[in-house]
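1. give the three-dimensional model of this entry:
(2 chains, ligands or ions: 5)
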Amino acid sequence: MANLKELAARGDKFTGGHRACAGCGASIVARQALLAAGDKPVVVTCATGCLEVVSTIFPYTAWDVPFIHSAFENSAATISGVEAAYKSLHRQGTVKEDIRFLAFGGDGGTYDIGLQALSGAMERGHNMLYICYDNQAYMNTGIQRSSATPRGSSTTTSPNGKKIPGKIQFRKNLTEIMAAHGIPYVAQSVVGNWSDFTKKVEKALAKGGPAFIAVLQPCRLGWGYPPELTAELGRLAVETNFWPLYEVEDGRYKLNATPKERKPIGEWMFQQERFRHLKKPEHQSIIDDIQKDIDARWEQLNKKCSL
Amino acid sequence: MSELKKYKELALGGNIEKGGTAVDFKTGDWRSSRPVYNPENCIQCLFCWVYCPDSAVILKDGKVAGFNLEHCKGCGICAHECPGKKKVKAIVMEEEVK
Ligand SMILES: Cc1ncc(C[n+]2csc(CCOP(=O)(O)OP(=O)(O)O)c2C)c(N)n1
Ligand code: SF4
Ligand code: SF4
Ligand code: SF4
Ligand SMILES: [Mg+2]
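-> Ligands and ions are numbered 1, 2, ... in the order given. Sure, this is the predicted structure:
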């Protein structure tokens, strides 16, 4: 696994000059993923969402690799088709290199509208890595709730007000859905731990076969925080056990980090505008509910890891 | 980027025929504060470089050598992540003045 000096020597394949907000975590995901993939040729696609929109405004592209512009729902289908074509050409001897295939999608494009395409591609066993950069809402269209949006979060379609205190439902656990596919590699990582993330990308690509990584991606606009905190809020999500770092390799669960002391979830939530309303004393029961859910999920995960 | 082309001069399907053309687009004028580097406090950990969302930390021979201010949007992540030497940061953010 490459250290920072080795990653730096590979050189950037995701360039500056893209139009993401200052401090955008999605650009950090793309940059670090390409650095990690950078020792071999790679073909990339991305679902419509912030990452694709900010990086491919014609005639500019921030991708210094072959890149295919996908629609919102079909990033996984697109790359699986490219990989299938490659396999055929490789067999015929027309293409000789060892090429890797990488798809990106936001949480909307992955948990919601692209779930079917993703599930199909994983089941068909393509040699591809799918990275979901999860900023927990449909950011590019103005912060609408998705099935990845956590309970209590105020979005434009789950606004805090007289009727509801932000989103009512808990978030869906996509990582576990992917693990249930029985594919060789599934993992959770975070913006703010470059070493964990780049290692997982390298590992997933080296493994061969279908692989999936969900990366929690702080979004300064949708979450509402000062831009310099992007990496720090990612780490805090891990330290509160809200977003455990773990991997499932050939069906075997492994925790990659255990916080010395689990921080209360408020330490993460109250730095973000989207949860600020929950500070009111009348909403304490919601915070308690969320804490209980986190602790229960953590316990479940630990059980799986000790099998 | 040179002048806009007529549609018949464009590649089929609106392809962009060369990768990484975004480097020609300048985002530096979005900035309201800029990172300032003091090599004396730098331990060359490269955290600033690996977390910059805009690939704007310049490395020379694997060491930090300043910032690409044509792309840097002034987010302050580099300064925030910088451990510095003896708790004194090697990057501080300074407000841009007109
Ligand atoms: C079929 C279809 N429906 C709706 C849209 C409009 N649309 C573009 S991006 C987007 C939201 C993307 O959300 P997400 O996948 O979470 O990515 P993010 O913008 O948060 O990075 C939507 C609804 C579209 N492009 N295609
Ligand atoms: S809205 Fe969020 S995800 Fe989209 S570009 Fe801005 S910071 Fe990045
Ligand atoms: S301020 Fe932000 S954009 Fe500028 S160099 Fe630092 S991390 Fe990069
Ligand atoms: S983060 Fe700070 S100490 Fe580390 S390389 Fe950058 S400037 Fe130097
Ligand atoms: Mg999103």
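2. now do the contacts for residue A:254.
-> Taking CB atoms under 8 Å, 6 or more residues apart in numbering or on different chains as the criterion, residue A:254 is in contact with A:246, A:247, A:248, A:305. Where you see a C-beta, it was placed from the backbone N, CA and C, and this is true even at glycine.
3. in helices, which of the residues you listed appear?
-> When DSSP state H defines the helices, the subset of the contacts of residue A:254 inside them is residue A:305.
4. how about TSV for the contacts of residue A:254, with pLDDT, distance to residue A:195 and neighbour count added?
-> Conversion of these to TSV gives the following (pLDDT from 0 to 100; distance: CB to CB, whole Å; neighbours: other CB atoms under 10 Å in any protein chain shown):
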residue	pLDDT	distance to residue A:195	neighbour count
A:246	98	15	21
A:247	98	14	23
A:248	98	19	23
A:305	97	20	17
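5. mind putting the contacts of residue A:254 into a markdown table with distance to residue A:5?
-> Output for those, formatted as a markdown table (distance: CB to CB, whole Å):
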| residue | distance to residue A:5 |
| --- | --- |
| A:246 | 27 |
| A:247 | 25 |
| A:248 | 30 |
| A:305 | 32 |
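6. tell me how many other residues crowd residue 34.
-> Unless you meant another one, I'm taking chain A. Residue neighbour count, defined by other CB atoms under 10 Å in any protein chain shown, stands at 23 for residue A:34.
7. can you look at chain B instead?
-> The burial count for residue B:34: 18, using other CB under 10 Å.
8. am I right that it is in a helix?
-> No: the assignment for residue B:34 is strand, going by DSSP: H, G, I helix; E, B strand; the rest coil, so no helix is present there.
9. beta partners for it?
-> Beta-bridge pairing for residue B:34 (DSSP bridges): residue B:94.
10. look up how far residue B:74 lies from it.
-> 6 Å (CB to CB, to the nearest Å).
11. which neighbours do the two share?
-> The overlap between the contact sets of residue B:34 and residue B:74 (CB under 8 Å, 6+ apart) consists of B:93, B:96.
12. give me the next element, helix or strand, following the strand or helix carrying residue A:51.
-> Remark: residue A:51 resides in helix A:50-55, with elements defined by DSSP states H and E. Downstream of helix A:50-55, the first helix or strand assigned by DSSP H and E is strand A:67-69.
13. what average pLDDT does that next one get?
-> Within the predicted structure, the mean pLDDT of strand A:67-69 is 97.
14. one more: stretch A:201-213?
-> Taken as a whole, stretch A:201-213 carries a mean pLDDT of 97.
15. stretch A:15-26 too?
-> Taken as a whole, stretch A:15-26 has an average pLDDT of 98.
16. so is it next to ligand 2?
-> Yes: residues of stretch A:15-26 are located near ligand 2 by CB under 6 Å from any ligand atom, namely A:20, A:21, A:24, A:26.
17. all helices of chain A, in order?
-> For chain A, the helices identified by DSSP H occupy A:4-10, A:25-37, A:50-55, A:75-92, A:107, A:115-124, A:174-179, A:194-207, A:230-239, A:266-269, A:284-305, in order along the chain.
18. how about those helices in CSV, adding distance to residue B:96?
-> Supplementary listing: the helices of chain A in CSV, determined by distance: least, CB to CB, whole Å:
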stretch, distance to residue B:96
helix A:4-10, 28
helix A:25-37, 21
helix A:50-55, 22
helix A:75-92, 38
helix A:107, 34
helix A:115-124, 43
helix A:174-179, 41
helix A:194-207, 28
helix A:230-239, 21
helix A:266-269, 31
helix A:284-305, 39
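19. is ligand 1 contacted by the helix holding residue A:51?
-> Yes: contact between helix A:50-55 and ligand 1 is present through A:50, A:51 (criterion: CB under 6 Å from any ligand atom).
20. give me every residue in chain A lying close to ligand 4.
-> Near ligand 4, when you scan chain A using CB under 6 Å from any ligand atom, you find nothing.
21. which residues of chain A score low on pLDDT?
-> Judged by pLDDT under 70, chain A has no weakly predicted residues.
22. spell out which residues of chain B are next to chain A.
-> Taking CB under 8 Å from any CB of the partner chain as the test, the list of chain B residues beside chain A reads B:1, B:14, B:16, B:19-27, B:30-31, B:45-47, B:49-56, B:59, B:62, B:68, B:70-77, B:79-81, B:93.
23. buried ones in stretch A:248-262?
-> A:248, A:253, A:256 (16 or more other CB atoms under 10 Å in any protein chain shown).
24. for the closest residue to ligand 5 within chain A, list each beta-bridge partner.
-> Chain A approaches ligand 5 most closely through residue A:106 (3.7 Å), counting by CB to the ion. Beta bridges link residue A:106 to residue A:133 when assigned by DSSP bridges.
25. ok, now which ones touch it?
-> Neighbouring residues of residue A:106 by CB under 8 Å, 6+ apart: A:26, A:47, A:49, A:50, A:51, A:132, A:133, A:134, A:135, A:138, A:139, A:140.
26. likewise for residue A:135?
-> Applying CB under 8 Å, 6+ apart, we find residue A:135 in contact with A:25, A:26, A:50, A:106, A:107, A:217, A:218, A:219, A:222, A:223.
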